[in-house]
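*Asks:* with the input below, show me the fold.
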Amino acid sequence: MISVRFHSFGKAEEVTQIEPAKLLAVGEGQLKLKMLVAPINPADINFIQGNYGVKPELPESPGIEGCAEVLESRAEGFEKGDKVIFVERVGTWQSHLVCDASKTLRVPSEIDPEQAAMLKVNPATAWCLLHHYVDLQVGDWVIQNAANSGVGQCLIQIAKQMGLKTLNTVRREGLADQLKALGADHVLLDEKDLVDKVREICGDNLPKLASNAVGGDSALRQMDALAEQGTQVTFGAMSMRSLKVPNKFLIFKGISLRGLWVTKWIANSPPEEVAKVYQKLAQLVVDGKLTQAIDTLYKPENIHQALTHAQQGERNGKVLLDWR
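*Replies:* The predicted model follows:
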């Protein structure tokens with residue numbers, strides 16, 4: 001067994017290293033797993049830097065998401081050969097691990113392990129955005145920034161399945177064809193004239209929901225583009241700039257501002273509800289109706305190169321660690 005570990009907080013590509021590790025015995029209610037694929041998420045980078053929502057005791061193995069194969073089961077409902085994903089953080093940047101079965105969910109055997117490895121965070125975030133905040137009807141508009149991100153791609157595809165229309169803003173040219181191939185209705189540059197363009201497209205049927213991953217001026221433009229009594233849900237802060245809300249949006253438009261952290265949704269929701277959502281998402285993947293772009297797969301021994309690549313802008317998808 002080998003493991004990616006860090007013994008101090010700092011730059012991910014500097015403080016991580018590959019180490020041998022000892023695999024624990026499998027207890028009652030637990031699974032022994034062989035990792036197949038694990039993505040490198042921004043949250044993983046923040047976790048290693050020590051500025052994520054939770055701070056671990058060191059040394060620790062990163063890894064919020066992944067897809068694994070069951071090698072041994074002492075838990076009801078799981079058999080050798082099953083594929084699983086993780087609904088709680090277990091440190092997936094390891095070749096093998098033992099964990100409580102309650103921290104995993106079984107997924108269809110025919111699912112692509114690379115897509116399954118990315119199922120926990122981005123698709124579930126998009127699902128929650130579209131289902132938990134506004135009573136959306138067929139034909140309603142939703143606006144989102146960072147539309148080329150993982151969540152953005154998932155939101156486009158899930159919204160399409162729901163009969164919704166999407167306004168997708170991006171920060172650079174050249175992304176429209178890719179997003180329209182996923183089902184995006186409009187792809188717009190996130191610039192000063194955005195609100196005028198939204199009103200021209202939507203007329204009186206302005207967006208009821210805004211998905212905000214950026215913050216700063218981008219979030220303000222979204223608020224301006226929302227319909228009265230609209231809702232903006234923030235789940236990221238790519239601009240590293242806080243929200244500064246003009247009073248007029250609250251007083252005259254009555255907009256609502258909400259926040260989403262999918263980890264909290266998992267922790268606070270009934271397990272059967274969480275499992276039901278992930279099974280729906282997994283089936284969409286199997287049916288070819290939900291996919292996330294992959295830029296590069298790296299073997300674990302190239303972890304420093306993978307981490308450097310994962311932090312670069314203008315990638316064409318997610319960077320994955322291939323443990324197969």
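*Asks:* check which residues of the lengthiest strand in the chain are buried.
*Replies:* Taking DSSP state E as the criterion, the chain has its longest strand at strand 30-39. Judged by neighbour count using 16 or more other Cβ atoms under 10 Å, the buried positions of strand 30-39 are Gln30, Leu31, Lys32, Leu33, Lys34, Met35, Leu36, Val37, Ala38, Pro39. Just so you know, the C-beta spots here come from the backbone N, C-alpha and C atoms, and that holds for glycine as well.
*Asks:* which neighbouring elements make contact with it?
*Replies:* When contacts are defined as 3 or more Cβ pairs under 8 Å, 6 or more residues apart in numbering; DSSP states H and E, strand 30-39 packs onto strand 67-73, strand 83-86, strand 96-100, helix 113-117, strand 318-322.
*Asks:* quick one: which of the buried residues of strand 30-39 is nearest Gly66?
*Replies:* When these are ranked by distance to Gly66 (Cβ to Cβ), Ala38 comes first, at 3.7 Å.
*Asks:* ok, now how distant is the closest one from His131?
*Replies:* Distance, Ala38 to His131, using Cβ to Cβ, to the nearest Å: 27 Å.
*Asks:* so where's the protein shaky on pLDDT?
*Replies:* Within the chain, not a single segment meets pLDDT under 70.
*Asks:* for the residue located most distally from the centre of it, phi and psi?
*Replies:* Going by Cα atoms, centre = their mean, the residue of the chain most distant from its centre is Phe252, 33.2 Å out. Phe252 has phi and psi values of phi -90, psi -30 when expressed as degrees, to the nearest 10.
*Asks:* identify the residue spatially nearest to Ala293, adjacent ones excluded.
*Replies:* Of all residues beyond its chain neighbours, the one nearest Ala293 is Gly317 (3.0 Å), with distances taken as Cβ to Cβ, 6 or more residues apart in numbering.
*Asks:* hmm, back to that, format the helices and strands packed on strand 30-39 as TSV; extra columns: mean neighbour count.
*Replies:* Shown next, in TSV, are the helices and strands packed on strand 30-39 (neighbours: other Cβ atoms under 10 Å):
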stretch	mean neighbour count
strand 67-73	21
strand 83-86	23
strand 96-100	19
helix 113-117	22
strand 318-322	23
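*Asks:* same list (those) but as JSON lines, adding distance to Asp224.
*Replies:* Formatted as JSON lines, the helices and strands packed on strand 30-39 follow (distance: least, Cβ to Cβ, whole Å):
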{"stretch": "strand 67-73", "distance to Asp224": "41"}
{"stretch": "strand 83-86", "distance to Asp224": "38"}
{"stretch": "strand 96-100", "distance to Asp224": "46"}
{"stretch": "helix 113-117", "distance to Asp224": "36"}
{"stretch": "strand 318-322", "distance to Asp224": "31"}
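*Asks:* closest to Asp287 out of the ones you listed?
*Replies:* That would be helix 113-117 among the helices and strands packed on strand 30-39, by Cβ to Cβ, at 11.5 Å.
*Asks:* contacts for the closest one, please.
*Replies:* With contact meaning Cβ atoms under 8 Å, 6 or more residues apart in numbering, helix 113-117 is reached by 36-39, 65-67, 83, 85, 107, 282, 285, 290-292, 294, 297, 320, 324.
*Asks:* coming back round to it: tell me which of the helices and strands packed on strand 30-39 lies nearest to Arg5.
*Replies:* strand 96-100 (12.5 Å).
*Asks:* hey, where'd the helices end up in this structure?
*Replies:* Using DSSP state H, the helices found in the chain span residues 12-15, 42-49, 113-117, 122-131, 150-162, 176-182, 194-202, 216-225, 247-251, 262-268, 271-286, 303-310.
*Asks:* pull the CA atoms of the fourth one into PDB?
*Replies:* Coordinates of each C-alpha in helix 122-131 appear next as PDB, following Å, rounded to 0.1, in the frame of the first residue of the first chain:
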ATOM      1  CA  ASN A 122     -19.800  18.800  -8.500                       C
ATOM      2  CA  PRO A 123     -23.000  16.900  -9.600                       C
ATOM      3  CA  ALA A 124     -24.500  16.900  -6.100                       C
ATOM      4  CA  THR A 125     -23.800  20.700  -5.800                       C
ATOM      5  CA  ALA A 126     -25.500  21.300  -9.100                       C
ATOM      6  CA  TRP A 127     -28.400  19.100  -8.100                       C
ATOM      7  CA  CYS A 128     -28.900  20.900  -4.700                       C
ATOM      8  CA  LEU A 129     -28.700  24.300  -6.400                       C
ATOM      9  CA  LEU A 130     -31.500  23.400  -8.800                       C
ATOM     10  CA  HIS A 131     -33.800  21.500  -6.300                       C
END
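*Asks:* buried sites along that helix?
*Replies:* By neighbour count with 16+ other Cβ under 10 Å, helix 122-131 contains the buried residues Asn122, Pro123, Ala124, Thr125, Ala126, Trp127, Cys128, Leu129, Leu130.
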